[in-house]
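1. here is the input, now give the coordinates:
(chains A and B)
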Amino acid sequence: DIVLTQAPLSVSVTPGESASISCRSSKSLLSSKGITSLYWYLQKPGKSPQLLIYRMSNLASGVPDRFSGSGSETDFTLKISKVETEDVGVYYCAQFLEYPFTFGSGTKLEIK
Amino acid sequence: QIQLVQSGPELKKPGESVKISCKASGYTFTDYAMHWVKQAPGKGLKWMGWINTYTGKPTYADDFKGRFVFSLEASASTANLQISNLKNEDTATYFCARRAAWFDYWGQGVMVTVSS
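-> Down below sits the predicted model:
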């Protein structure tokens, strides 16, 4: 199984500052079609996960451009610039390259 | 608009069974696979498996083979998850999620509590 290791476990950010979350994969997520199958989701308190970033670096529809994704075949970063109070929740990376699909353990973002 | 609406919370005793549903609307049900994800209280997301909504064929992750059954009521655009012989560790929220190339729409989740 592909293991996704997220860091940090939690992050506390002052509104207006930036935050970065790391996700490391135990295997390359680059498919034979040249697609990097790494996704970022935000689960707000009491809600279902919502897609932020697809295929490593593409912003999902309706997501503010304060969010950005980058990375290589195995190391990925979600950056949130100018954090707002509405960004609180748990961030998960996920891979849909191969079964079983797996998620990172999550990073909780709190506001200072 | 596209929606996945799941059934309500369940309180069950160990050894009982539960069936939860996920009703899709706003798209052609058989065009997209339906996946199931478990989230234990205060924990992360765990993929359980999926069902091909066109053929009805289910595929289960290793940890969910045996007591877990995915099924369809295709005429009602509904996917179901049945868990038999419930255990305390089945206490969790269960999400259905539609898969395009990724999970693009999720149900609101169903909280299943197993307690004697």
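2. farthest from the middle of chain A: give me that residue.
-> A:S32 (22.4 Å; CA atoms, centre = their mean).
3. any idea how far chain B is from it?
-> From A:S32 across to chain B, the span is 15 Å (CB to the nearest CB, to the nearest Å). Yep, even glycine has a C-beta here, placed from its N, CA and C like the rest.
4. report pLDDT for that residue.
-> If you check A:S32, the pLDDT there is 95.
5. how near is the nearest residue to B:K13 once chain neighbours are set aside to B:P14?
-> Nearest residue to B:K13, sequence neighbours excluded (CB to CB, 6 or more residues apart in numbering or on different chains): B:S116, at 5.6 Å. The gap separating B:S116 from B:P14 is 6 Å, by CB to CB, to the nearest Å.
6. swap in A:K33?
-> 46 Å.
7. okay, these two: which has more neighbours?
-> Neighbours per residue (other CB atoms under 10 Å in any protein chain shown) separate A:K33 from B:P14, with B:P14 holding more: 12 against 6.
8. A:T14 - how many residues pack around it?
-> Using other CB under 10 Å, A:T14 is surrounded by 10 other residues.
9. the nearest residue to it once chain neighbours are set aside: what's it in contact with?
-> Closest residue in space to A:T14, ignoring its immediate chain neighbours: A:K112 at 4.6 Å, by CB to CB, 6+ apart. By CB atoms under 8 Å, 6 or more residues apart in numbering or on different chains, the residues touching A:K112 are A:12-15.
10. and chain B, which residues reach chain A?
-> With the criterion set to CB under 8 Å from any CB of the partner chain, chain B comes near chain A through B:35, B:44-47, B:59, B:61-62, B:95, B:99, B:101-104, B:106-109.
11. list only buried entries from the residues you listed.
-> For those, a burial check counting by 16 or more other CB atoms under 10 Å in any protein chain shown picks out B:35, B:44-47, B:59, B:61, B:95, B:99, B:102-104, B:106-107, B:109.
12. please name the bridge partners of A:S10.
-> A:K108 (DSSP bridges).
13. how close does it sit to chain B?
-> From A:S10 to chain B the distance is 13 Å (CB to the nearest CB).
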